[in-house]
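1. Have a look at this fold, sequence not included:
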C-alpha cells in the first residue's frame, strides 16, 4: 500500500483542476469527438488490435513502475523510442486510409470555396445504367462500374484503356460481354461519359467483408475506401446487384434501390440521409429475413425512400445513443487529456497586455489654476504580467485599473501611472511590470470668447417654397477653452433641416465650431454651455418676377447705346404673401454708361435690389449684363430733283427744281444703318403752298429719324410757271 501511495504521489500530486469555463467545455467536447473518431477508425481496421496492445503495454508499464521492475522499465523505455516508427510502418495503409477519409470531408470544401458545380448523373445516364445492370443481372454477367464523384480517379483511369464515349446500354453490355477484350477489370464513368475500361482497382483489406464475396466485390469496396466514388457491382455467380460507397457494401439491391442511389449521387446533404436510410434499411431487411425467412419486397424499399419526422427522430436517437460505451470512454479520455495538458503546460509564463485606459484623478489641481491639460502620451498603458499560465491567459485589459494622480504632476508636466488588478486574488498570484509608466500632459491657459451664431440650412424645401433669413436666440454665445483653440475659431454654426417643409421651421440646435479652412474644432480643450440655441427659419412661397434694366448717363461724343442684353430676364423670389402680391418686377437702373465709347459688361448681384422682406430663391444670385455701344458716322449724300417730293401742287402750274449751290446733304448715324440709306429714304418734301409764281429759293428741310441725324442740307431753286 505504501508503494501505491508513493506511486500516486509521484505521478499525480502535481495535478490540479481549475474551474472550466465555456471555452474549456467546448475544447473538451472537441477533444472527445476527435478521440471518438480515432477510436471508431481503430475499431474498423486492423489498428483496433494494435490499440488494445498499446493499452495492455501501458497498463503493464504502470504496473512495472508500481512494482519497481527496473529491468522491464529499461527495456520498455528503449523499445518505445522505436515503437512509434514501427507502428507507422506496419500500419501505413490504415493511416493513409484515415487521412484520405479526413481529406474527403466537406468541411474543406466550405473553407476553400471549392467549385460546387453539379456533378450528378443525368437522367439518361441513370436510365442506361439501370437498363445495363438489369440485363447483366438477368444473364449473370459480372460487371464492375465505378462512377467518379469529387475525388479524381486519374491514377486508376491510367491503368485501363481510354474510351471517352457517351454512356449507353449497348456500349456497357459489349464491354462486359464474355470473351471480349474489355470485359476484365472495371469501367470508370466521369461526367456522364465512359472514360476508360479494364481499369485496375485497389482491393479492400477489410476483414469484415463476407468471405463468400470475390475479388470483384473487394475491388468495389476498395475504391470506395480511397475515394468518394460509387461502384455498381453485378455478381457473376448469383446475378445480384450491389453498390459500394464510403467503404460500405450494400448487397442484393433491386433496380429501384439502385436508381435512388444514383439519383442522390453528388448531392451532399441528401447523400448523408441516403446512407443512413440504406444502412437502416439493410438492418431491417436482415431482421425481416431472420424473422420471416423471406426477402423484402420492392414496395417496402420504395416506402423507405422518404423519412417522416418520427423516422428522423428515431434515426437521430439511434445515432446519439449508438456506441454509447465508446462515446463515454472518449469523453473520459478527452477530459483526461485536457487536464493533463493543462497541468503539464501550466508553467509560469509572461504576457503583455496592451491599451489599458488610464483614469485621471485629482484633475481639479490643474483646473483650479485656470489651466487646461491635454494628454500628449500615456492615455493608455501596456503592462507585462507574470504568473501561472492558466491565470495569466485568462486576464485582459478590463481586469486591470490604471490610475494617474494629477495632483502629483511634476515640473516637466509628467505623472507616474500605477496599475493594479481588479481582483485581490489575482494581485496575489501575478507580478505586474508597466512598460511605460509615465503620463505626459501639455498645459495651456484658459481663454474666453464671444461668437455670433451663423445659421445654415440643409435639404430642399417643398416645391414652390424657399427659406427666408433665419433668426437665432441667442445670436451670440460664449465659449471657453485653451487659448490655442479659441484663436482658431472662425465661426459658430448651427444647422436646421428644412427638407420638404412648406411652413416655418423651429428647432433647438447645438453649435459646431469651425476654423478658417472649414475644419471642425472639438475636443477637451473647448467648452460651450450654449447647447440649446432656438432657431426659427421662415419658409416663404416663391414667385417668378421680371427683371428690368435701364442705363443712366450719356456715352462719349458721337457714341450711342445700341442695345442692352441681360440673363436671366426673370428671377424667382420668395417673401411674405402681401409683399409678393404687389411685386411685379425687379428694376435695376444704375448701369452708368456716361462717357463710354465701347461695350460695357457687368455682373450685378440681385440681392441688393430686392425689396425689404424679399429673398432670392434662384441658385444663381447674379445677372450678367451687356450694353452695346457704337460710334456714329457722317455721310454726304447727293440729292437729285427726283428725290424731292412737292406736295399740294396747283394743277395749272409747272414746277422746275434747280441746285444753284450744290446738291449734297450730310447725315450722321450708326454705320450699319447709315450705309444702307439712299437719298429717297430721306423723304425730302417741299410744300407748294409756300411757293409763289416765279423763282423761289428754298433750303431743304429734312427731319431726323431714329437711325440718322441731319447735319447739313442744301438750297434749291424752284421755278413756278403757269402752264399755257
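-> Cool, the structure landed. Keep in mind it's a predicted model, so treat the numbers as computed, not measured.
2. low pLDDT regions in the stretch 151-300 of the chain?
-> 265-300 (pLDDT under 70).
3. Also the chain?
-> Checking the chain against pLDDT under 70 turns up 1-21, 41-51, 80-81, 83-84, 87-88, 90-120, 265-322, 340-348, 425, 523-525.
4. which parts of the longest strand that it contains are buried?
-> In the chain, assigned by DSSP state E, the strand with the most residues is strand 438-458. Within strand 438-458, the residues that count as buried by 16 or more other Cβ atoms under 10 Å are 439-441, 444, 446-447, 451, 453-455, 457. For the C-beta atoms, the positions are set from N, CA and C on the backbone; glycine is no exception.
5. quick check, distance from the following helix or strand past that strand to the centre of its chain.
-> Using DSSP states H and E, the next helix or strand after strand 438-458 towards the C-terminus is strand 465-467. Its chain's C-alpha centre and that of strand 465-467 lie 37 Å apart, by Cα atoms, centre = their mean, to the nearest Å.
6. just stretch 662-673 next, same as before
-> So, by Cα atoms, centre = their mean, the centroid of stretch 662-673 is 79 Å from its chain's centroid.
7. which of the residues in it are buried?
-> 663, 665, 667, 669-670, 673.
8. how is the protein carved up into domains?
-> The record assigns the chain these domain ranges, following automatic domain parsing: 15-46+91-118+266-345, 119-260, 348-436, 446-532, 540-632, 639-722.
9. Let me know which of the ones you listed is tucked in deepest.
-> domain 119-260 (a mean of 18; mean count of other Cβ atoms under 10 Å).
10. And the helices in the stretch 1-150 of the chain, which stretches?
-> 2-12, 22-43, 47-67, 70-90, 92-103, 107-112, 123-139 (DSSP state H, counting those that start in this stretch).
11. Ok, the stretch 551-700 of the chain next?
-> Under DSSP H, counting those that start in this stretch, the stretch 551-700 of the chain gives helices at 577-581, 671-674.
12. Check what contacts the longest one and list those residues.
-> With Cβ atoms under 8 Å, 6 or more residues apart in numbering as the test, helix 577-581 has contacts from 540-541, 543, 573-574, 611, 613-614.
13. ok, now the last one?
-> The set of residues that contact helix 671-674 without belonging to it, under Cβ under 8 Å, 6+ apart, is 630-631, 633, 635, 667-668, 707-708.
14. Go again with 7 Å.
-> For helix 671-674, the external contacting residues (Cβ atoms under 7 Å, 6 or more residues apart in numbering) are 633, 635, 667, 707-708.
15. how close does residue 213 get to residue 236?
-> With distances taken as Cβ to Cβ, to the nearest Å, residue 213 is found 12 Å from residue 236.
16. What distance do you get for residue 448 to residue 521?
-> From residue 448 to residue 521 the distance is 15 Å (Cβ to Cβ).
17. thought residue 200 was touching residue 159?
-> Yes: Residue 200 is within contact range of residue 159, at 4.3 Å (criterion: Cβ atoms under 7 Å).
18. The helices of the stretch 551-700 of the chain: which one's closest to residue 254?
-> Closest to residue 254 of the helices of the stretch 551-700 of the chain is helix 577-581 (Cβ to Cβ; 91.8 Å).
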